[in-house]
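Chemist: test case, fold it:
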Amino acid sequence: MLFGLPGNPVAVMVTFLAFVRPALQRLMGWDAPAQPLLKARTREKLRKKPGRTEYQRGIVERDENGELWVRLTGNQGSGVLSSMVQANGLIVLHHEQPTAEIGDWVDVMMFDGHL
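Modeler: Residues are numbered from 1 along each chain as shown. Modelled structure (predicted):
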């Protein structure tokens, strides 16, 4: 089995978490369910290009009521390693999903010590 990965460090990490790791687990016969996506509200407007799924680095925090909120780590360029270091999860903006406004619910894939 051969996996082709992009050249930028953040793009490699995101691609591994979103696609390669689950594929390797299936190939190894792992019958555990896929990593769950949590729901969090956005603290800022999240822009995305229409017609594609985007994975943006974010910081997920609980408020005083226990509700999850997420914000970006800053510049989301695929070569900006500091944005990945600061993040504790990936904000998943799905293919059919429009730009997310402040307070909208989005899916988040937590790192859970994988990086």
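
Chemist: from now on I want contacts and neighbour counts done on CA atoms only, so please keep to that.
Modeler: OK.

Chemist: just give the number of residues close to Gln86.
Modeler: Gln86 sits with 14 neighbouring residues when counted by other Cα atoms under 10 Å.

Chemist: please disregard the earlier target; I meant Glu61.
Modeler: Neighbour count of Glu61, defined by other Cα under 10 Å: 15.

Chemist: that one should be in a strand, yeah?
Modeler: Yes: under DSSP: H, G, I helix; E, B strand; the rest coil, Glu61 falls within a strand.

Chemist: right, and it touches Leu72 too?
Modeler: No: taking contacts as Cα atoms under 8 Å, Glu61 lies outside contact range of Leu72: 11.6 Å.

Chemist: where do the strands sit along this structure?
Modeler: Ranges of strands in the chain, per DSSP state E, are 38-42, 54-62, 68-72, 89-93, 105-110.

Chemist: make JSON lines out of those and add mean pLDDT and distance to Trp30.
Modeler: Shown next, in JSON lines, are the strands of the chain (pLDDT from 0 to 100; distance: least, Cα to Cα, whole Å):
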{"stretch": "strand 38-42", "mean pLDDT": "97", "distance to Trp30": "22"}
{"stretch": "strand 54-62", "mean pLDDT": "96", "distance to Trp30": "24"}
{"stretch": "strand 68-72", "mean pLDDT": "97", "distance to Trp30": "29"}
{"stretch": "strand 89-93", "mean pLDDT": "96", "distance to Trp30": "23"}
{"stretch": "strand 105-110", "mean pLDDT": "96", "distance to Trp30": "19"}
